[in-house]
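**Student:** here is a sequence with its predicted model. Questions after.
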Number of protein chains: 2
Amino acid sequence: MNIYSFSAREAGIPVFAINRKERDRKLRRMDILSAAEHVFGRKGYYKATMQDIARQAQYATGTVYLYFKDKETLYFSLVEEKMRDLLALIKERTAAVRDAQEKLKIYLEEKLDFFEKNQDFFRIFILENGAAQASIDSRIATSALAKEYLACISEIMRLAQKQKLVRADMDPSQGAGIFRSISNAVIMDWLKKNMQQTLSLRQMSRFILDIFLGGARPSDETK
Amino acid sequence: MNIYSFSAREAGIPVFAINRKERDRKLRRMDILSAAEHVFGRKGYYKATMQDIARQAQYATGTVYLYFKDKETLYFSLVEEKMRDLLALIKERTAAVRDAQEKLKIYLEEKLDFFEKNQDFFRIFILENGAAQASIDSRIATSALAKEYLACISEIMRLAQKQKLVRADMDPSQGAGIFRSISNAVIMDWLKKNMQQTLSLRQMSRFILDIFLGGARPSDETK
DNA sequence: TTAAAAAATGAATATATATTCATTTTCAGC
DNA sequence: GCTGAAAATGAATATATATTCATTTTTTAA
């Protein structure tokens, strides 16, 4: 079992040790990815050194290079694999319902759960989404996965328009951007105020949806 | 006159050349800041080299160091001075009205105008606001100015609550974060879709305010 | 138990670029 | 035009760290 947060979703590890060698290699690779997540998430790409990451993973510096070609590739793999996990979850869960509002709700819940478990990764994620120009590894901004992620939310937005849940005068990708931003702002606020103890992030999903759909105006009782 | 975007607001340049030496020095300093804005905004802090910046400013590498102690200080000065300009504008203009909705509107308009003129700076700004942890120069995240900027919007939010414009169950700083995120998302979208030609950013202010206050739901005509 | 193979090590190397500074150019006042 | 001061130059230096690789340690299988 992996005490860090890296997911085995993509590792394809068989329960029976049909191929121990390969399995072990994948596990070690995941250890390094977890260490990288920890260090990159806290220090940012440039301030994080390969030695930091190696130490965090309890390896010597050179060992990291047996698993990843170079620093950029390590970072790229990390971002890709985490995003793939998140996207897979979201797609799987939202595909199960037809209603746009329900899809939005599920999207939010999956995302909030995911980042509650992957707080270090959230900082990486937000930076990569923040300013595509400054994307550290240009492969990320242009990756099929990044486009797919955006397309997925835009698709939900389009459906929401068809179902008259969302105003029609809003470009779906713009709507997706706004929805994403609101949820990121709330996650950021939750992280900053360190509410981990008292409140689960998932509980914010109702609030976020309210704000996105109904806005910040009071729901007219006393006006 | 400065063909770049750096503002003279803080330069305190007298119309009559009482002190040409000092004035010239300030102008050259501003040239370097403009060059830095251009390069940092496009490449990001780490990929931007001092040589890039010097070349952009039409100086030799060493000359930059006659005006700024080191790269971090150059970056810090840039961020500080631009943010000071923006904050001064916002404070000045919003102070002139009492109505919270009017304040929000003015805040938006000033911000949109500002970033329409300072597109390179927007990317820097959004990164610095994105993930405080990864703030490039730790002085920025902790600077009085950064706090003041947030406090200023939070203050408007508090007033909006008092005036029943905004729901009361929302922490003012959280509301400020959400409001900021929405506007940033819209600016980002505008930049990405390269609408400079056809549509001024300022024209988006009505839309942003609508979304923030009233949400993305259609304004019930056909339901 | 042993020897070959695989994995890990970490000191040494390569590289990139921030920063310095001896030299050159420009400028101001005479 | 000349001279000393100020400004600018850009090649040389310093530094940090990504990457490599000769050596050591561990594992495997007979």
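**Tutor:** Structure received.

**Student:** all contacts plus neighbour counts: C-alpha atoms, from now on.
**Tutor:** Fine.

**Student:** quick one: stretch A:63-81 near chain B?
**Tutor:** No: using Cα under 8 Å from any Cα of the partner chain, stretch A:63-81 stays clear of chain B, coming no nearer than 13.5 Å.

**Student:** which elements pack onto the lowest-mean-pLDDT helix or strand in chain A?
**Tutor:** Across the helices and strands of chain A, mean pLDDT, DSSP states H and E gives its lowest value to helix A:138-142, namely a mean of 85. Packed against helix A:138-142, as judged by 3 or more Cα pairs under 8 Å, 6 or more residues apart in numbering or on different chains; DSSP states H and E, are the following elements: helix A:71-95.

**Student:** could you point out which element follows the helix it packs on?
**Tutor:** Downstream of helix A:71-95, the first helix or strand assigned by DSSP states H and E is helix A:100-117.

**Student:** show me what that following helix is in contact with.
**Tutor:** Residues from elsewhere that reach helix A:100-117, judged by Cα atoms under 8 Å, 6 or more residues apart in numbering or on different chains: A:5, A:86, A:89-90, A:93-95, A:97, A:121-122, A:156-157, A:159-160, A:163, A:165, A:183, A:187, A:200-202, A:205-206, A:209.

**Student:** and chain A, what are its domains?
**Tutor:** Split into domains by automatic domain parsing, chain A comes to A:13-68, A:70-214.

**Student:** distance from the chain centre to the shortest one, please.
**Tutor:** Same thing as domain A:13-68. 19 Å (Cα atoms, centre = their mean, to the nearest Å).

**Student:** how about the residues of chain A near chain B?
**Tutor:** By the criterion of Cα under 8 Å from any Cα, the positions of chain A lying close to chain B are A:42-44, A:46, A:123, A:126-127, A:130-131, A:133-134, A:164-168, A:174, A:177-178, A:181-182, A:185-186, A:189, A:211-219, A:223.

**Student:** what residues does chain A have near DNA strand C?
**Tutor:** A:21, A:25, A:28, A:58-63, A:66 (Cα under 7 Å from any atom of the strand).

**Student:** between those, which is nearest residue A:146?
**Tutor:** Checking the residues of chain A next to DNA strand C against residue A:146 by Cα to Cα gives residue A:28 as the nearest, at 26.2 Å.

**Student:** got a list of what the nearest residue to residue A:56 once chain neighbours are set aside touches?
**Tutor:** Once its chain neighbours are removed from consideration, residue A:56 has its nearest residue in residue A:35; the separation is 5.4 Å (Cα to Cα, 6 or more residues apart in numbering or on different chains). Counting by Cα under 8 Å, 6+ apart, residue A:35 makes contact with A:53-54, A:56-57.

**Student:** want to try a markdown table for those, with pLDDT as columns?
**Tutor:** As requested, the contacts of residue A:35 are arranged in a markdown table below (pLDDT from 0 to 100):
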| residue | pLDDT |
| --- | --- |
| A:53 | 98 |
| A:54 | 98 |
| A:56 | 98 |
| A:57 | 97 |
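
**Student:** need the contact partners of the helix or strand hosting residue A:154.
**Tutor:** In this structure, residue A:154 is located in helix A:144-162 according to DSSP H and E. With contacts defined as Cα under 8 Å, 6+ apart, helix A:144-162 is touched by A:80, A:83-84, A:87, A:91, A:100-101, A:103-104, A:140, A:166-168, A:172-173, A:175-176.

**Student:** what comes up buried for that helix?
**Tutor:** For helix A:144-162, the neighbour count (16 or more other Cα atoms under 10 Å in any protein chain shown) marks A:145-146, A:149, A:152-161 as buried.

**Student:** could you identify the most distant pair in these?
**Tutor:** Across those, the longest distance by Cα to Cα is 24.3 Å; it joins A:145 and A:161.

**Student:** quick check on residue A:136: phi, psi?
**Tutor:** The main-chain torsion angles of residue A:136 are listed as degrees, to the nearest 10 and equal phi -60, psi -50.

**Student:** measure it to residue A:184 for me?
**Tutor:** From residue A:136 over to residue A:184 the distance is 20 Å, taken as Cα to Cα, to the nearest Å.

**Student:** again, but for residue A:79
**Tutor:** According to Cα to Cα, residue A:79 stands 17 Å off from residue A:184.

**Student:** can you name the residues that contact the nearest residue in space to residue A:78 that is not next to it in sequence?
**Tutor:** The spatially closest residue to residue A:78, leaving aside those adjacent along the chain, is residue A:33, at 6.0 Å (Cα to Cα, 6+ apart). Listed by Cα under 8 Å, 6+ apart, the contact set of residue A:33 reads A:6, A:74, A:78.
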